[in-house]
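Participant: here is a sequence together with a model predicted from it:
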Amino acid sequence: MEVDRLERRFGDFVAVDRISFGFRAGDIFGFVGPNGAGKTTTMRILATLDAPTTGDARVNGVSVVDYPDEIRSSIGFMPDHLSVYTNLYVEEYLDFFARTYGLSGRRRREAVQSVMDFTELHSLRRKMCDTLSKGMRQRLGLARTLIHDPKVLILDEPASGLDPRARIEFRALLEELSRRGKGILISSHILTELSEICNVVAIIERGKLLTCGAIEEIRKNLRRHSVIRIGFLDRIEEAHKKVMLYPGVQAVRVAGKELEVEFVGDEAARAALLKNLVQGGLPVVQFAGHEQNLEDIFMEVTKGQVQ
Ligand SMILES: Nc1ncnc2c1ncn2[C@@H]1O[C@H](COP(=O)(O)OP(=O)(O)OP(=O)(O)O)[C@@H](O)[C@H]1O
Ligand SMILES: [Mg+2]
């Protein structure tokens, strides 16, 4: 799926500000952002439930704006809040959705069985939908999303409210779907969860895409602004003076026998700094850049510097 300068305004308010990104079959693409960032608005447009003000998105070249009917057959959307159907059994609920996708007869029965197998809902088939727990309901939501075997899955905060076990099970289902070649777009606030499951991630804030790419790539770019802790055996004062004068060093704090160095430079520049210190005869015992997880990246990128 390719998202191309997608924009959605509500009056003067810009909820989604010309964002572009893409993901392919087998990708699990994480869509991360604080409340009100524009995730749901974007996903609803991709699922053809809303139209963009400008811009477009395509699945295998087919536009969501121009061919919504065609797109609906290749996309499965799981909304953040699943509507509850009070008087339907689990199996009836899935059968109902299979019908809405035009499946009939044996194909419909097979589709319902197949998604119940996949999400292990068989034992619950005779349970009323409104009596399901949050975790079961989430699995039912995924089953419903898969009923027409779509190529692309758009899941709006599917892991929210799940306990750790349900979350791990849900993740295993997504990984299996990725192996089966589905392209998956998943939004969440649970950033560390996404870093484990997604291979690509985009961070959105106030409608703008702040960063997008493989988690490793984002990490590498952000490392240009890093904090390095350098430990010395002794001669800390001498080291302090030397480091302060080194190009790219923004600030230095002394903490015991360690220097905490704010440094702008990529990995090669950091290697050069270490080499410089060692060649200068200083007894370096430790040289550590702070490793960032997705949570750190998110906090760093969404500092509110960007409008
Ligand atoms: N129909 C609408 N009319 C007016 N404003 C809207 C409408 N739908 C969404 N918005 C606004 O657009 C912005 C983005 O909302 P959206 O629901 O896409 O955010 P989100 O990233 O999904 O947030 P959350 O994490 O809370 O789910 C919000 O400021 C919201 O108030
Ligand atoms: Mg939302």
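Facilitator: That came in fine, so what should we check first? Residues are numbered from 1 along each chain as shown. Ligands and ions are numbered 1, 2, ... in the order given.
Participant: C-alpha only now, for contacts and for neighbours.
Facilitator: Fine.
Participant: tell me which parts of this structure are close to ligand 1?
Facilitator: For the chain, the residues in contact with ligand 1 (C-alpha under 6 Å from any ligand atom) are Phe10, Ala15, Gly33, Pro34, Asn35, Gly36, Ala37, Gly38, Lys39, Thr40, Thr41.
Participant: remind me which helix or strand the fifth one belongs to.
Facilitator: This means Asn35. For Asn35, there is no helix or strand it lies in under DSSP states H and E.
Participant: ranges for the helices of the stretch 1-150 of the chain?
Facilitator: Under the criterion DSSP state H, counting those that start in this stretch, helices of the stretch 1-150 of the chain are mapped to 39-46, 68-74, 90-100, 105-118, 134-146.
Participant: who wins for proximity to Met299 among those?
Facilitator: Met299 lies closest to helix 39-46 among the helices of the stretch 1-150 of the chain, at 17.3 Å (C-alpha to C-alpha).
Participant: now the helices of the stretch 1-150 of the chain in a markdown table, with mean neighbour count and mean pLDDT?
Facilitator: Formatted as a markdown table, the helices of the stretch 1-150 of the chain follow (neighbours: other C-alpha atoms under 10 Å; pLDDT from 0 to 100):
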| stretch | mean neighbour count | mean pLDDT |
| --- | --- | --- |
| helix 39-46 | 22 | 98 |
| helix 68-74 | 16 | 95 |
| helix 90-100 | 19 | 95 |
| helix 105-118 | 17 | 97 |
| helix 134-146 | 22 | 93 |
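Participant: could you dump those helices to TSV with distance to Arg229?
Facilitator: Formatted as TSV, those follow (distance: least, C-alpha to C-alpha, whole Å):
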stretch	distance to Arg229
helix 39-46	37
helix 68-74	50
helix 90-100	56
helix 105-118	48
helix 134-146	43
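Participant: quick one, which of the ones you listed is nearest to Gly265?
Facilitator: Taking C-alpha to C-alpha, helix 39-46 is the member of those nearest to Gly265, at 32.2 Å.
Participant: packing partners of that closest one?
Facilitator: Under the contact criterion of 3 or more C-alpha pairs under 8 Å, 6 or more residues apart in numbering; DSSP states H and E, helix 39-46 touches strand 13-22, strand 152-156.
Participant: give the buried residues for the longest one.
Facilitator: Put plainly, it is strand 13-22. For strand 13-22, burial by neighbour count (16 or more other C-alpha atoms under 10 Å) applies to Val14, Ala15, Val16, Asp17, Arg18, Ile19, Ser20, Phe21, Gly22.
Participant: just want the angle from that strand to helix 39-46.
Facilitator: Strand 13-22 runs at 60 degrees relative to helix 39-46, counting by axes from the mean of the first three to the mean of the last three C-alpha atoms, to 10 degrees.
Participant: between the helices and strands packed on helix 39-46, which one is closest to Ile218.
Facilitator: Nearest to Ile218 among those is strand 13-22 (14.3 Å), distances taken as C-alpha to C-alpha.
Participant: check which helices and strands the closest one is in contact with.
Facilitator: strand 2-10, helix 39-46, strand 208-214.
Participant: list the contacts of Ala98.
Facilitator: Ser104, Arg108, Ala111, Val112, Ile147, His148 (C-alpha atoms under 8 Å, 6 or more residues apart in numbering).
Participant: for the fifth one, which residues are in contact?
Facilitator: For Ile147, the contact set (C-alpha under 8 Å, 6+ apart) comprises Leu94, Phe97, Ala98, Ala111, Val112, Val115.
Participant: the residues you listed: which two are farthest apart?
Facilitator: Phe97 and Val115 (11.7 Å).
Participant: okay, and the common contacts of those two?
Facilitator: Counting by C-alpha under 8 Å, 6+ apart, the shared contacts of Phe97 and Val115 are Arg144, Ile147.
Participant: find the closest residue to ligand 1 in the stretch 51-200 of the chain.
Facilitator: Closest residue of the stretch 51-200 of the chain to ligand 1, C-alpha to the nearest ligand atom: His189 (7.0 Å).
Participant: what's the burial count for that residue?
Facilitator: Counted by other C-alpha atoms under 10 Å, the residues lying close to His189 total 16.
Participant: isn't it up against Pro34?
Facilitator: Yes. Assessed by C-alpha atoms under 8 Å, His189 is found in contact with Pro34 at 6.9 Å.
Participant: from Arg137, how far off is Leu124?
Facilitator: Shown here: Leu124 relative to Arg137, a distance of 11 Å by C-alpha to C-alpha, to the nearest Å.
Participant: ok, Leu210 next?
Facilitator: In terms of C-alpha to C-alpha, Leu210 sits 33 Å off from Arg137.
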